[in-house]
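Undergrad: Take a look and give me a structure for this.
(one chain, ligands or ions: 1)
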Amino acid sequence: MTTLIEKGGLIVSCQAREDNPLHGPMFMAAMALAARDGGACAIRANGPEDVKAVKATGLPVIGIHKVFDEASPVYITPTIAAAEALSGAGADIIALDCTMRQRSGDPADAIIQHVRDTLGLEVFADVSTLEEGMAAASMGATYVATTLSGYTDASAPKPEGPDLALIAELSARIDIPVVAEGRFNTPELARAAIDAGAHAVVVGTMITNPREITRSFARRVLGH
Ligand SMILES: CC(=O)N[C@H](C=O)[C@@H](O)[C@H](O)[C@H](O)COP(=O)(O)O
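TA: Residues are numbered from 1 along each chain as shown. Below is the predicted model of the structure:
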């Protein structure tokens, strides 16, 4: 099957929360253009405004829409309305939480079906376990990604490094592309993901979050 995300590719996640000095579509567009020029094959971005801005790269855009609700821990594109807003902004691929946690929005299978059949876009399923990945594949996701490993009770405690074991397990058990995402903080780890069977790898913090990169240097240099 031909997919928009190329095999062996590096996807760069360009996100900055409101409390980050780099928050805003202008900064995210510049970040995405820099990532493209450096060799990224696709961009992951949060919210319709940033999605629209990073379309300037001409690369496939994986859109997410983080919507927080006290009634549920699920915040990555939790509703059909959130997916529609991303589609309206030009997202080529829509990522959503496909964990088995309690939801206050729409069921994952309904969002997947809507994205594929009504919006005509690819679906990127963010999961935390093998079981969730297998379920997402059977619901019709185009890709399954390890994004939420370490961030759910089912996958706790969060390890220091990425979940290479989950990539290997998912790759052995499902026949849709498996994307590595979450804590791929060195080129060596990104390469290890591909060697473990990943179709592509997403890197966020270590490429696009200078505040976190500085903190990691400061911890080592200053010891705090
Ligand atoms: C758990 C969650 O909400 N992850 C988010 C999903 O979009 C982002 O905050 C991460 O930065 C992204 O997944 C890339 O991962 P890393 O920044 O570790 O390379």
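
Undergrad: contacts, neighbours, all on C-alpha from now
TA: Noted.

Undergrad: Would you mind writing the CA trace of stretch 18-38 as PDB?
TA: Output in PDB follows, covering the C-alpha atoms of stretch 18-38 (Å, rounded to 0.1, in the frame of the first residue of the first chain):
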ATOM      1  CA  GLU A  18       1.200  28.500  25.100                       C
ATOM      2  CA  ASP A  19       3.700  28.900  27.900                       C
ATOM      3  CA  ASN A  20       6.600  28.400  25.400                       C
ATOM      4  CA  PRO A  21       8.200  31.600  23.900                       C
ATOM      5  CA  LEU A  22       8.000  29.900  20.500                       C
ATOM      6  CA  HIS A  23       4.300  29.500  20.700                       C
ATOM      7  CA  GLY A  24       2.500  30.600  17.500                       C
ATOM      8  CA  PRO A  25       2.000  29.800  13.900                       C
ATOM      9  CA  MET A  26       4.800  32.100  12.600                       C
ATOM     10  CA  PHE A  27       7.400  30.300  14.800                       C
ATOM     11  CA  MET A  28       6.100  26.900  13.900                       C
ATOM     12  CA  ALA A  29       6.200  27.600  10.200                       C
ATOM     13  CA  ALA A  30       9.800  28.700  10.500                       C
ATOM     14  CA  MET A  31      10.600  25.600  12.500                       C
ATOM     15  CA  ALA A  32       8.900  23.400  10.000                       C
ATOM     16  CA  LEU A  33      10.800  25.000   7.000                       C
ATOM     17  CA  ALA A  34      14.100  24.500   8.800                       C
ATOM     18  CA  ALA A  35      13.100  20.800   9.400                       C
ATOM     19  CA  ARG A  36      12.200  20.400   5.800                       C
ATOM     20  CA  ASP A  37      15.500  21.900   4.600                       C
ATOM     21  CA  GLY A  38      17.300  19.500   7.000                       C
END
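
Undergrad: could you pull out the strands for the protein?
TA: According to DSSP state E, the chain carries its strands in the segments 9-14, 42-46, 61-64, 93-97, 122-126, 143-145, 178-181, 200-203.

Undergrad: Check what contacts the last one and list those residues.
TA: Under the contact criterion C-alpha atoms under 8 Å, 6 or more residues apart in numbering, strand 200-203 has outside partners 5-13, 178-185, 190, 193-194.

Undergrad: Stretch 76-93 too?
TA: Outside stretch 76-93, the residues touching it (C-alpha under 8 Å, 6+ apart) are 47-49, 51-52, 55, 60-67, 94-97, 103-108, 110-111, 114-115, 119, 121-124.

Undergrad: number of nearby residues for I176?
TA: Here the number of neighbours of I176 (other C-alpha atoms under 10 Å) works out to 19.

Undergrad: Give me the pLDDT for it.
TA: Looking at I176, its pLDDT stands at 98.

Undergrad: Please name the nearest non-neighbouring residue to it.
TA: Once flanking residues are discounted, I176 sits nearest to Y143: 5.9 Å by C-alpha to C-alpha, 6 or more residues apart in numbering.

Undergrad: Pairing-wise in the sheet, spell out the partners of the one you found.
TA: F124 (DSSP bridges).

Undergrad: Return the helix or strand of the chain with the lowest mean pLDDT as PDB; C-alpha atoms alone will do.
TA: Using mean pLDDT, DSSP states H and E, helix 210-222 stands out as the lowest-scoring helix or strand of the chain, at a mean of 94. Below are the C-alpha coordinates for helix 210-222, written out as PDB (Å, rounded to 0.1, in the frame of the first residue of the first chain):
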ATOM      1  CA  PRO A 210      15.200  24.800  22.400                       C
ATOM      2  CA  ARG A 211      13.900  25.300  26.000                       C
ATOM      3  CA  GLU A 212      14.000  21.600  26.700                       C
ATOM      4  CA  ILE A 213      17.300  21.200  24.900                       C
ATOM      5  CA  THR A 214      18.800  24.000  27.000                       C
ATOM      6  CA  ARG A 215      17.400  22.500  30.200                       C
ATOM      7  CA  SER A 216      19.100  19.200  29.300                       C
ATOM      8  CA  PHE A 217      22.400  21.000  28.800                       C
ATOM      9  CA  ALA A 218      21.900  23.000  32.000                       C
ATOM     10  CA  ARG A 219      21.200  19.900  34.000                       C
ATOM     11  CA  ARG A 220      24.500  18.400  32.900                       C
ATOM     12  CA  VAL A 221      26.600  21.600  33.100                       C
ATOM     13  CA  LEU A 222      25.100  23.100  36.200                       C
END
